[in-house]
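1. pasting the structure only:
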């Protein structure tokens with residue numbers, strides 16, 4: 001069964017399969033960039049929004065997947 005039909009597997013792999021870079025990696029990318037300083041400063045200022053949005057999406061996905069996993073196997 002493919003993972004996208006199994007909420008238990010999706011829940012286990014949630015952190016590994018997220019397509020957005022984690023906030024820690026995004027922060028590291030910002031720190032290592034060679035973009036103009038003004039642009040980096042602007043991006044760093046909006047970084048808190050990225051962190052909050054990322055955390056909110058992960059929490060919501062975890063909530064959905066936990067409920068689905070508790071309900072048992074998907075219908076065939």
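-> Arrived safely. For clarity, every value in this text was computed on a predicted model and none was experimentally measured.

2. Now the element after the helix or strand of the chain with the lowest mean pLDDT, going C-ward?
-> Within the chain, confidence by mean pLDDT, DSSP states H and E is lowest for helix 14-17 among all helices and strands, at a mean of 66. Using DSSP states H and E, the next helix or strand after helix 14-17 towards the C-terminus is helix 23-32.

3. tilt between the helix ranked longest in the chain and helix 23-32?
-> In the chain, with assignment by DSSP state H, the single longest helix is helix 47-70. Computed by axes from the mean of the first three to the mean of the last three C-alpha atoms, to 10 degrees, the angle separating helix 47-70 from helix 23-32 equals 160 degrees.

4. Go through helix 47-70 and flag the buried ones.
-> Across helix 47-70, burial judged by 16 or more other C-beta atoms under 10 Å covers 50, 54, 65, 69. Quick note: C-beta positions are derived from backbone N, CA and C, even for glycine.

5. which strands and helices sit next to it?
-> If contacts are counted by 3 or more C-beta pairs under 8 Å, 6 or more residues apart in numbering; DSSP states H and E, helix 47-70 sits against helix 7-12, helix 14-17, helix 23-32.

6. what's the least confident stretch among these?
-> When the helices and strands packed on helix 47-70 are compared on mean pLDDT, helix 14-17 scores lowest, with a mean of 66.

7. Run the chain-centre distance for the longest helix of the chain.
-> Centroid displacement of helix 47-70 relative to its chain, using C-alpha atoms, centre = their mean, to the nearest Å, is 7 Å.

8. swap in stretch 37-46?
-> For stretch 37-46 - counting by C-alpha atoms, centre = their mean - the centre lies 22 Å from the chain centre.

9. What's the mean pLDDT across that stretch?
-> On average, stretch 37-46 scores 90.

10. Pull out the buried positions in that stretch.
-> Per 16+ other C-beta under 10 Å, stretch 37-46 contains no buried residues.

11. I figured residue 33 hits residue 40, correct?
-> Yes: Residue 33 is within contact range of residue 40, at 5.9 Å (criterion: C-beta atoms under 8 Å).
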